[in-house]
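Participant: Sequence and predicted model, in that order:
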Amino acid sequence: VQLQASGGGLVQAGGSLRLSCKASGRTFRWYSMGWFRQAPGKEREFVASIDRSTGRTNYADFVQGRFTISRDTALKIGFLQMNNLKPEDTAVYFCAAGSTGVDPVNYEYWGQGTQVTVSS
């Protein structure tokens, strides 16, 4: 599975962005999908995940209802809708495919990352 993340950019605080993660390969449907982020000088952290079979979603506490993860398995694409963005959301965002969970080691495949910058 190869993943291509896009949709990042510069937005003012309170604004919205929708990140996309386009997958290639026939086995995308076999994997759960997650989004992670990494700010400068910080470790990569979990943002959200969606289970491949149940569709159950999981979010980091800091999301606080602002983000929504979704996927369209038939089209092999996933999304992270981010609303009410805050400056502390500034980071490089990565999509990943794997066995779900909050630990990056559970994910076998990673996209290249897309920069999100939120100005105050």
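Facilitator: That came through, no problem.
Participant: element containing the residue lying closest to residue 59 once chain neighbours are set aside, please.
Facilitator: Counting by Cβ to Cβ, 6 or more residues apart in numbering, the nearest residue to residue 59 once its immediate chain neighbours are dropped is residue 48, at 4.9 Å. C-beta here means a position set from N, CA and C on the backbone, and glycine is covered the same way. Element membership of residue 48, judged by DSSP states H and E, is strand 45-50.
Participant: same for that strand, what does it pack against?
Facilitator: Contacts defined by 3 or more Cβ pairs under 8 Å, 6 or more residues apart in numbering; DSSP states H and E place strand 45-50 against strand 32-38, strand 57-59, strand 67-72, strand 77-82.
Participant: Would you mind listing where this structure has pLDDT under the threshold?
Facilitator: Across the chain, nothing is flagged by pLDDT under 70.
Participant: ok, what's across the strand from the residue minimising distance to the centre of it?
Facilitator: Per Cα atoms, centre = their mean, the C-alpha nearest to the average position across the chain is that of residue 35, at 2.5 Å. Beta-bridge pairing of residue 35 under DSSP bridges involves residue 48, residue 95.
Participant: who's in contact with the stretch of helix or strand residue 108 belongs to?
Facilitator: Assessed by DSSP H and E, residue 108 sits inside strand 107-110. Defining contact as Cβ atoms under 8 Å, 6 or more residues apart in numbering, one finds that strand 107-110 is touched by 1, 2, 3, 31, 34, 36, 94, 95, 96, 97, 98, 99.
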